[in-house]
Structures are given as C-alpha cells and as structure tokens.
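Engineer: pasting a predicted model and its sequence here:
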Amino acid sequence: MSDSRTGEGGAAAEAVEEQRRAQKTAPDLVIDTEDDERQWEPMEEEEKRQILVGICAMTKKSNSKAMTQILERLCMFDYINVVIFPEETILEEPVESWPLCDCLISFHSKGFPLDKAVEYAKLRNPLLINDLNMQYFIQDRREVYRILQEEGIDLPRYAVLNRDPSKPDECNLVECEDHVEVNGEVFPKPFVEKPVCAEDHNVYIYYPTSAGGGSQRLFRKIGSRSSVYSPESNVRKTGAYIYEEFMPTDGTDVKVYTVGPDYAHAEARKSPALDGKVERDSEGKEIRYPVMLSAMEKLVARKVCLAFKVTYSLQGSTVTYTIVSFLVNLVMRELAPLFHIPWSIPLEAEDIPIVPTTSGTMMELRCVIAIIRHGDRTPKQKMKMEVRHPLFFELFEKCGGYKSGKLKLKKPKQLQEVLDIARLLLVELEQHDDCEIEEKKSKLEQLKTVLEMYGHFSGINRKVQMTYLPHGQPKASSEEEDSEREGPSLLLVLKWGGELTPAGRVQAEELGRAFRCMYPGGQGDYAGFPGCGLLRLHSTYRHDLKIYASDEGRVQMTAAAFAKGLLALEGELTPILVQMVKSANMNGLLDSDSDSLTDCQQKVKARLHEIMQKNQEFTEHDYHKLAPTQSPSLVNSMKLIENPVHTCDKVYTLIQSLTSQIRKRLENPKSADLQLYHSETLELMLQRWSKLERDFRMKSGRYDISKIPDIYDCVKYDKQHNASLGLEDTLELFRLSRALADIVIPQEYGLSKAEKLDIAQAFCVPLMKKIQLDLQRTHEDEAVNKLHPLYSRGVMSPGRHVRTRLYFTSESHVHSLLSVFRYGGLLDEVKDQQWKQAMDYLSAVSELNYMTQIVIMLYEDNNKDPSSEERFHVELHFSPGVKGCEEEENVPMGFGFRPASSENEEKQTNQGSLEDLSQDQTDQALPLTEPICSQKRSPMVRSRKTGSMEPNITPPNPILHSHHTPSLPPSLPPSPPPPPHPPTGSLCSGLFSASVLGVSSSAPNLRDYVRTHRRKLPCAPQLELFSMPAVKRFSVSFARHPTNGFEGCSMVPSIYPLETLHNSLSLKQVDEFLNTVCESSSEAHIKTMKAPSSPSPPLALRPPSDPPAGLCGVSLFMLMPPTGDGLP
C-alpha cells in the first residue's frame, strides 16, 4: 500500500539502525510467551541488513496457530526479522517505549488500544500493512456499507434504523406480519437484522409465515453451535440495526482473505444460518475448504482490499508458503530499495491443474437430475362461489387483481380481510333478512369456518383465488346455482387442506437419505455407512446442488425435508427451506397457471365424462375410446368397474354410509372430542365427507366425475391414517374409488397418445428446456463454489464436480414428463427390446403416488474423444413412489436398478481413476471383524414384512462404473437369494445414515464418530452394519421411525425402488429428443385437436434410431409413491 516515506522514512530507518547497532545481538524472531520470557536466536557473525516486521495485536491474535505459522515462515526469508509486541507493553506502556520496527502489522480486536497504535504509527512512521485509521470504520457496519457503496460494490438493499432521538427521520419502524418498513423502505421476509456494531455478532434472520415463520439467531460460535432457531417472529425493539434483504446461498458461506490487492484466498463452509451446527475436525477446528473464485469475484475482492486499505487479512485461514511469499513480496517491494537490499520479485509459475486420467471403461458421474412429486398430504378441498358484493371488488382492486384479472391471496393479512368480509356479511344477513346480499349464506358460513380453522393463518394451509368475470358466471357447476343477475362478478375459489403430513415429512427425509447412495465414495472409514460418499462430496465443495420447488407449501416443505435427509442436516425445516429451496414459480417451470391448457384438456375431460356416465357395461367400442393405448392398468380397472354408473351408485351409497357412521360417532359423548390424525376432528372429517356427498351427485341425478380423484384421495387418507376409527365398508369404498381414479386421473392428461403428448407439452416444456440446459452446461465454469486443487490435501479427486438438480412438483408435471418420454419418440419399441420392456412396465403402473421420481443420470468417459457420441452416457430411471395402503399382490415388476450392466460383475478399482475415493488421506480403512461383502444383483423381494428394516438400501458406486455395450436379455439370469433380514430396529437399517447416529454431515466428523464408537456398537448389529452387501436397488422401508418431533407417524409406507427404463442412451440422443419436443410444442398447440371419435396413432417426433453399439448412455429412473394426487 502507498505510504509517505520519502523524507521522514529515511530518518526513521536511520533511528532503527542506530538502535540495532547499540545492541550486541539482535533477534531473528522475538515471541512473547505467557511468562513474559523471550526466546533469542543469535544472528550470523557477518551482520546482515535486516527489515524488522512488528506484530502489534492482542495475545490471542499474535499467538494464534495461524499467526505462529506465518511468523515461522516469514523468518525463513533472508533480510526479514520479526518482533511481537507484548500485550502488556501495548496496554500499559507509552508508545515511545514500544519496540521499533520498519513494517507494522496491526489488527484491531476486542480490548485493543487502536488510538495508541495510530499514535505509534505517527511517531515511528513504519510501513503499514493495514491502514489503522480505516479500522475505526470497520467497527461500524454503517460505515462499512457506506464505503462499499462509494466504491461501487454491490450490496443487498438495506436501511438503517438508528433509534437516535436527534435524527427522527432515521428511527421509523413499522412491523407487519410478513414484512417491516424501515424509514419508508419495505423489507418482506425473509430479511436480515444486523446490529450496527460490527463486534456484535447477534444477527437475526426472520422467516415468512409461508415458510413456517420464526427466526434464526446467529451468534459468535459457542462450542459446536453458531445459531439456533427461535419461534419468535418479532424484530428487536431496542438498539440500532441494519435491515437488509436476505440472500440465499444454497447453504454455503465463502470467506475471502486478501494479501494485497493481487492475491485472494477463499474458503467455504456450511452456512451458520442453515442449522447452526458447526462442523469441526478432530482437532476442534471449524472445517473449511479452499475454493476457487471466479474472475468477477476476484475483482470484487481487489476492490474491497483497496477500499479499506487492508493489505493483509488472513488470520484464521489456511496458511501456505504461497500466501506468506505474497506478504514478503509486498514488504520487500516497499522497503528493499530504502535499505539498499538487492531484491527482485520472483515470477510465479502458472497454475496448471494436473488431472489424473482414467483407464479402462471407468466413467465419471457428472450430473443427476430428479423430478420428484411431493410427499403424503392431507386431502385437498375446494369451494367455489360467485360474489358480487362491493367489499370483494374493493379487495380485488386493492390487491391489484385488475392487472391480470386474477388474484391469489395467501398472506395472513389478506386472508384476514376475506374473513372480515365474510363475518360482516353474515352479521348483516342475520340482522336483516331482506338485505341485498346475493352471496349464499351457506357458502359464506363455509368460507368463515375454513378461514377460522386452526386459530391462525398460514399461507401453506389455505389460499383464496379470485377471477374477474365481466359478464358473470356463464354456467353453473355442480356447486353453484344459475345466477339470474347480469353484470360483472368475481369467482371466489377457496382452497384448503393439501398440507404435507408428518408422514410426508418422514417419507421425504428418508428418501433424501436413500438418495445419497446413488453417489460414489464411502470407502475406508465410511464403508458401511450408506451414502457417506455424497456427504463427503458435498462437504468438500465438489457437489453443485440446487433444489427447486413449485409455490405450493406441501411441495416446498417436501423439498426442505428431502434436503435435510440428503445432506444430514439438523433442526427445523424453515431455515433449510429459505436457504436451500428455490421457488420456481416462473415461466411455468414447476407451476402451471397457463390458460392454454383449457381448450385441449376440457375437450378430453368432456369425452371422458361422457363415457364414464353411460349407464351400461363397457363395450368394445368404449375400450377403444377410453383406453386406445391398451394400457393394462386401464383395461384391468375397466373390467373391475364394468358399468361406470352402477359403480358410482355403489360409491355414493358407501359415502352416505360413511357420513352416517361419523354422525353417530359425534353423537357419542365419548368420541365427540376424539382427535384424529394431524389434529383433525370428527367434525372436520364429517364436513369433508359431507361436501363430497353433496357434490358427487348433482341435482340432475348424474355424477360429477371430476370428484372421483377427491373421493379416492379422502378414503386413501382415512384408510392409512384414521384406520383406528374402524368405520365399516372403508375397504370396499377404497377398492371401487381406486378403480375409478385409475381411469379418470391418468386419462385427464389425454386419451390417445397424441393427446397425452399434446397436453404434456403444454405442462412441462419449460421444465424440459431446463433439463436440457442442465445436461448441456455440465462442463461450463459456472458461479459455484469449487474445491481448489492446490489446497485439496486428503482429497484424491479435487477435479470432480457433480451437478445435482432436484425439481419438486405436483402430480401434473410428473404425469406430463413421463408422457413425453413414453410417447415423444425417444426410442422405437419395435427395434429396442429394453425400451419395449420399460414401456410395458410403465403401462402396468396404475398410479404415480407421493414421492414418485423420474431420475436422469449423466456419465462421462474421459477415455473417449470429446466429440464422440460415446463420450457421454445417459441413464433413465423411474419409481412409482410410495406403496399403497395394503400389500398389492399384482404390483408390476421392473427389471431392477441398471440391469444387464457389467456393473453387476466384479470389478477392479482403477487406482488412477478420478472416482477412486478410497485413497483419500482421510479415508483410512478400519480393521473390520468381517470383510465388506460384494454381491451381484439380487432382485427386490416385494413382500416385505411390516416393520422390517431393509439392509439393501445401498446400491454400488454408480458414479463410476465399468460399462460395456448394454443389452437387456429376454429373461434375467437367476440371482442369488437376498441377504437375510436383520431384526427389526437393528442398526443396519435400510436408511442407515449419519442422522440416525446423531452425527453431522461432515466427513471428518463421520470418520471420528466411527473411530470413537466402533467398539460401542452392539456386536451382532455391528457385523451386519459393516458387512452390508452392495445390492443394486434401494427402497425406503415401512419402518418404525424414531420420534423426531413428528406426531402420529410411527408407521410410514415404504417407497418402491428405482427401476431402470433405459441405460444405453447417448447425450446427443437425449439432447436432440428434448430439442425436438420443445420445438414441436408451439406447433402442436396451433393445430386443431383431431376428431375425438378416432384415436390418433402415436406421434413420432423424429424417426427412432437404435443407439450406436457400445454407446455410453443415459439412465432414467422414476420413483412412484403410494396412491395420491392427481430454472436458473
């Protein structure tokens, strides 16, 4: 840094020389110890001209481990001596008595007399590594922000609340439910509240009610914690604070240290705001990993360094010879000419990353893309009413509804206004029977009842939608009567229910743990702990993870719970949701509000309802019209139903019986206050079923087929969660409604293949474009934190960087995306036997249940030419998600996880492979009583006993595998019998993970845990744990889950294992396919729908072609759950 050393500098240097000559010997290194003794090292007999570097800081700083390493390395350089100012001297002696030095490194910390340090600098005029006057400003966050703004450095939007009576314009605070207004600036939650004093580390983050509310309270690290979650949602009422927008960081913080403006060292760690658990190594030091900065980030670091005149800021970081050499060069560049010392700045060799090459046919996992449906939820309910009262129009205008003609109200304040209007109108109706209130009293009462449920509002629980109708409602539905009055009106739609249940949270979290097993690693100390390879990959910043979710609360909470399980996080879901999950309600990526679906889908629904309302047995013509694809699941359901009207009659009678039984229970004083699952009451349950009873059978006597999914939804929910009530005929209602739903739900997305593809494109083209982009951009240098190869000690493959993109959405997007792969012309069933068998399997699947998944995995063969189609290999996998309420005997059988692949053969680990994690220095194998078994694929046993803990959760290392030309034989060879099941509750659970043991996601923590607790594990479970066979498929067991704050979820249905649809696709094939589907989408919607009477042939978007022999391919997985619903 620049310093005025021309005139005074020479005099200061002469004074220092005089003092040195007066001493017989001078220290190369002077370190002040606790007992105030000094260690002296004699100089060489031939006196050298030395530069004396002074360290002026509190003892805690100057004697820290990092500073000791720096000083030791500084003394290794010629012409450099170091003197540490004793803390007693700094605090008690006048500056005239302080040691002399040519260069001063001084840090402010608590208790440090900065004024005296400034006075010393003026007296002795040494070269200042850090500007001392700027350290006054650094102590005040307001000054820091001011300086950053003046230098043109980007900041989050912020406002300062000073609470200074002398500045009344700076102490205006208005606090509302989901935002604060500071001096006129509005900050919606989540926002950050920082004390203006930089020494105060009590920073709070406030979360919106839609994410669960409350706040995360950060503080200076205490033991293993750096923050805690608090249910308190109100901001602090005393003190001065900065309020600023919250910046999501995907759970990662990056600290940047500088040595002058030309060198920056970055270290990443888990964000303290995520779950507050500090990851520490075996020596108790917080775990951080050096990462590489982008060119823009380096420029920002340079600007900050120059703005604050802080040349050196490396305390507490990883110290290397390179860092110290930069500091030496800075000192010598300024002082060597002054002391006539010969010095030339050495040229640094260019950093050339040396990447080990692979050999054989080992491939590297580059990308995992998963599209996942949300977890188990409460039944969705909906009520429509046409409103004309001026108060509703005023609210519609106030909230900006006229801009688009539509309005969605989810915030507590908005819902409160709707409730106030309903209460007011009901009071007027009671007081004045002849008042001009057109809204039906029964509808207003239902609106009031639903909004008053739970005693509080939450955007996750309820929402109100309003649509402007310029000429009123054109036609009454089954819920509304014809309106005689003309003129504009509003269609008010109240939606409630559909919340993620405790069981849904468990499903998502457990599946997240199971998902780790698709990633490589976990050797050495981590062998026997499924999925630790992913945790190590993620914790060492070799994992680029982004999680997207639609704007529905149940979807977002599913994503947060999945992330908690995937990354072995702790604590509440709210901080994880806010920091890790991106809301993708843009361009229809995961939400679909487009009206372009209306025409096509309405025509399909009209034909579907026409067929389902014929009071006769299905004819051959009906089979041809309703199931033109000849899907076995549809045909079987039609055979079970026979006559759709008679079946609906039976369903209606069963619903009447059910409501009658519930009313009788309510009349019984013993069961009137009975609490059902998830805090539901018998009264609420009766309201739910009574509404279905009213709506299902219309006044005309015909049945509203659109209510069938809701009926099935409710009976499935009660059968699983409220079976203890013992209501009669529930099983029969479940059986019949499921048969009807198995027809109505999938066929609402199209009857013929052409219609299915047309509707699917309207739903998920934005998502397909995003998937295509994810696969294409795998090799590009993106703005993600990547492990720096120069500081990757203990990591054998620092160059590996796996991209994971998780998309959580609803049933519609999963149905649509699967239709695109099935009917879009990806492969020809006639020519590709594996694809034909995959299509037969999908045709037999009747339901895409909760936690259904479609998984795409991309591999790279580094031995192949970069331009070759064989360079990249894609695999496609699928699972129908959660299993049904009862063990199903006729469950369609897939062909396992990556069948007929040479991965099932014994393979030798390539020692030079990028994927070989077993040689990580931190992964030293434990001596085990029994060796870890390796076993060829054994088929999943479908009939698991309730409560069993399946040990076959861990597929082998799919990230790298030996891949030959894959081909699926007509029949799989006989497999060895599955391993014996361990006893219920044993430690080798199918989802055995770090969180089960109560440890964190850090790889070193896991290692230490194993070493510490290896002998403490019970003998038998220990042997099972460390000798778990490498089975190729996993399923989440129907396990008795430990109490994790979830009420009423002791039994959670299991999830079907992943099934491979295809494992020999090339990236080029998939890219061309997605491109063709997306391009044809706009054209398909311009065309008029073909006549419904004649089913259209399958739409071939391009001539299908066989994959080249020996092709590296794509594997697509889809996971389907038990019976359930219908970006950047």
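Structural biologist: Nice, I can see it.
Engineer: run a quick neighbour tally on the nearest residue to residue 162 once chain neighbours are set aside.
Structural biologist: Of all residues not flanking residue 162 in the chain, residue 170 sits nearest, at 4.3 Å (CB to CB, 6 or more residues apart in numbering). Glycine gets a C-beta too; all of them are placed from N, C-alpha and C. A count of nearby residues for residue 170, using other CB atoms under 10 Å, gives 15.
Engineer: before we move on, what about the one 4 residues further on?
Structural biologist: For residue 174, the tally of surrounding residues (other CB under 10 Å) stands at 11.
Engineer: leaving out sequence neighbours, find the closest residue to it.
Structural biologist: Of all residues not flanking residue 174 in the chain, residue 181 sits nearest, at 4.0 Å (CB to CB, 6+ apart).
Engineer: does the one you found belong to a helix, a strand or coil?
Structural biologist: Taking DSSP: H, G, I helix; E, B strand; the rest coil as the rule, one finds residue 181 in the strand state.
Engineer: what's the spacing between it and residue 175?
Structural biologist: In this view, residue 181 and residue 175 are 8 Å apart by CB to CB, to the nearest Å.
Engineer: circling back to that earlier point, for the residue nearest to residue 174, list each beta-bridge partner.
Structural biologist: Beta-bridge partners of residue 181, counted by DSSP bridges, are residue 174, residue 186.
Engineer: count of neighbours near it?
Structural biologist: Using other CB under 10 Å, the number of residues around residue 181 comes to 15.
Engineer: who's in contact with it?
Structural biologist: Listed by CB atoms under 8 Å, 6 or more residues apart in numbering, the contact partners of residue 181 are 172, 173, 174, 175, 187.
Engineer: ok, residue 422 next?
Structural biologist: Contacts for residue 422 (CB under 8 Å, 6+ apart) come out as 444, 447, 448, 451.
Engineer: state the pLDDT value of the last one.
Structural biologist: As summarised for this prediction, residue 451 has a pLDDT of 87.
Engineer: which helix or strand contains it?
Structural biologist: According to DSSP states H and E, residue 451 maps onto helix 441-452.
Engineer: dump the residue contacts of residue 894.
Structural biologist: By CB under 8 Å, 6+ apart, residue 894 lies in contact with 841, 878, 1059, 1060.
Engineer: which one of those is nearest residue 131?
Structural biologist: Of all the contacts of residue 894, residue 878 has the smallest distance to residue 131: 61.2 Å, by CB to CB.
Engineer: list the helices and strands whichever strand or helix holds the closest one packs on?
Structural biologist: Assessed by DSSP H and E, residue 878 sits inside strand 872-879. If you count contacts as 3 or more CB pairs under 8 Å, 6 or more residues apart in numbering; DSSP states H and E, strand 872-879 packs onto strand 853-860, strand 1059-1066, helix 1067-1086, strand 1115-1118.
Engineer: any idea how far residue 695 is from residue 684?
Structural biologist: 17 Å.
Engineer: not counting its neighbours along the chain, what's nearest residue 112?
Structural biologist: Sequence neighbours aside, residue 58 is the residue nearest to residue 112 in space, at 5.4 Å (criterion: CB to CB, 6+ apart).
Engineer: show me where the stretch 251-400 of the chain has helices.
Structural biologist: Taking DSSP state H, counting those that start in this stretch as the criterion, the stretch 251-400 of the chain carries its helices at 295-308, 321-335, 390-398.
Engineer: whoops, the stretch 501-650 of the chain was the one
Structural biologist: Along the stretch 501-650 of the chain, the segments classed as helices by DSSP H, counting those that start in this stretch run 502-515, 532-539, 553-566, 573-580, 597-612, 620-626, 632-641, 644-667.
Engineer: buried residues in the fifth one, which are they?
Structural biologist: Same thing as helix 597-612. Neighbour counts using 16 or more other CB atoms under 10 Å place 597, 600, 601, 604, 607, 608, 611, 612 of helix 597-612 among the buried residues.
Engineer: go through those and name the one nearest residue 722.
Structural biologist: The shortest approach to residue 722 among these belongs to residue 612, at 28.3 Å (CB to CB).
Engineer: hmm, that closest one is touching residue 744, no?
Structural biologist: Yes: in this structure residue 612 lies within contact range of residue 744 using CB atoms under 8 Å: 7.1 Å.
Engineer: please enumerate the shared neighbours of those two.
Structural biologist: Jointly contacting residue 612 and residue 744 under the rule CB under 8 Å, 6+ apart are residue 705.
Engineer: model confidence score at residue 323, please.
Structural biologist: Note on residue 323: pLDDT of 69.
Engineer: begin at 429, not 1, for the rest of this chat.
Structural biologist: Noted, 429 is the first residue going forward, which turns the last one into residue 751.
Engineer: neighbour-wise, give me the winner out of the contacts of residue 850.
Structural biologist: Most neighbours among these, by other CB under 10 Å: residue 875, with 24 neighbours.
Engineer: against residue 915, how distant is that residue?
Structural biologist: With the distance defined as CB to CB, residue 875 ends up 22 Å from residue 915.
Engineer: swap in residue 733?
Structural biologist: Look at residue 733 and residue 915: by CB to CB, they are 67 Å apart.
Engineer: please say which of these two ends up with more neighbours.
Structural biologist: Neighbour comparison, residue 733 and residue 915: the larger count goes to residue 733, with 23 against 10 (by other CB under 10 Å).
Engineer: how about the helices of the stretch 679-828 of the chain, which one is nearest residue 504?
Structural biologist: Of all those, helix 749-763 sits nearest to residue 504, with 8.3 Å by CB to CB.
Engineer: list the buried residues of the closest one.
Structural biologist: Under the neighbour-count criterion of 16+ other CB under 10 Å, helix 749-763 has 751, 752, 753, 754, 755, 756, 757, 758, 759, 760, 762, 763 buried.
Engineer: tell me if residue 587 really is in a strand.
Structural biologist: Yes: secondary structure of residue 587 (three-state DSSP): part of a strand.
Engineer: burial count for it?
Structural biologist: If we define neighbours as other CB under 10 Å, then residue 587 has 20 of them.
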